[in-house]
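J.: Quick one: sequence and predicted model below, then my questions.
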Amino acid sequence: MSNSQFVHLVARANDPRVPLHLYEIASLLWPRLRRTFPDALAAVLMPNHLHLVTETTDPPRSRDLLAHVVGNLSRSGLRWGVDSWQPIPPADVIADLEKLLRVLRYGALNPVRAGLVADPLLWPWSTLRDVMGAVVDPWIDGDRLARVLNRDPRTFATWWHRYVSTDSSATA
């Protein structure tokens with residue numbers, strides 16, 4: 001993409017008990033996110049919020065697209081009360097490669113930090129699994145992520161796993 005930027009987007013449900021990670025909800029939300037943000041570098045669904053890092057030429061439009069996706073989920077008739085969301089903050093433009101690395105690792109480790117899993121690869125609603133080759137039809141292309149991060153695609157998965165897992169919060 002020409003003139004593109006990477007942005008970090010977050011959407012939070014108003015009710016902190018909303019289980020976005022339950023299959024009934026996540027199986028609706030995940031493919032909608034994937035269709036809307038094909039150029040994403042990472043995504044993770046948490047129990048009451050989601051993180052998305054994507055490439056865009058228009059950060060405010062990306063924020064609006066995310067608001068549309070979660071708004072449609074609210075109108076899907078789910079019985080779990082996913083009916084209201086906090087206003088989605090402006091897209092956080094990621095200024096440099098070091099910040100991009102930190103944001104990507106933060107998202108991958110969010111389920112561990114929340115005490116939901118001991119290993120981030122165990123969390124089913126994270127694109128870390130895509131990059132590591134644990135998904136049949138990956139949303140996130142590990143080779144593309146390697147290129148964005150200026151890493152050799154042939155050794156990227158090993159390097160990425162080490163980078164993510166050496167964060168002190170990677171163990172519960």
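T.: That came through fine.

J.: Which residues are in contact with the one residue sitting closest to the centre of the chain?
T.: Nearest to the mean C-alpha position of the chain, counting by C-alpha atoms, centre = their mean, stands Ala43 at 1.3 Å. Residues in contact with Ala43 (C-beta atoms under 8 Å, 6 or more residues apart in numbering) are 30, 33-34, 37, 50-53, 107, 126-127, 139-140. C-beta here means a position set from N, CA and C on the backbone, and glycine is covered the same way.

J.: The chain: strands as residue ranges?
T.: 5-12, 40-45, 49-56, 92-93 (DSSP state E).

J.: wait, which of those strands is closest to Asn72?
T.: Among the strands of the chain, strand 5-12 comes nearest to Asn72, with 12.1 Å by C-beta to C-beta.

J.: For the closest one, name the packing helices and strands.
T.: In terms of contacts (3 or more C-beta pairs under 8 Å, 6 or more residues apart in numbering; DSSP states H and E), strand 5-12 is packed against strand 49-56, helix 59-74, strand 92-93.

J.: Run me through the strand neighbours of that strand, direction for each.
T.: Counting by DSSP bridges, the strands paired with strand 5-12 are strand 49-56 (antiparallel), strand 92-93 (antiparallel).

J.: Need these in CSV (columns: mean pLDDT, mean neighbour count and distance to Arg12).
T.: As requested, those are exported to CSV (pLDDT from 0 to 100; neighbours: other C-beta atoms under 10 Å; distance: least, C-beta to C-beta, whole Å):
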stretch, mean pLDDT, mean neighbour count, distance to Arg12
strand 49-56, 96, 22, 4
strand 92-93, 96, 14, 14
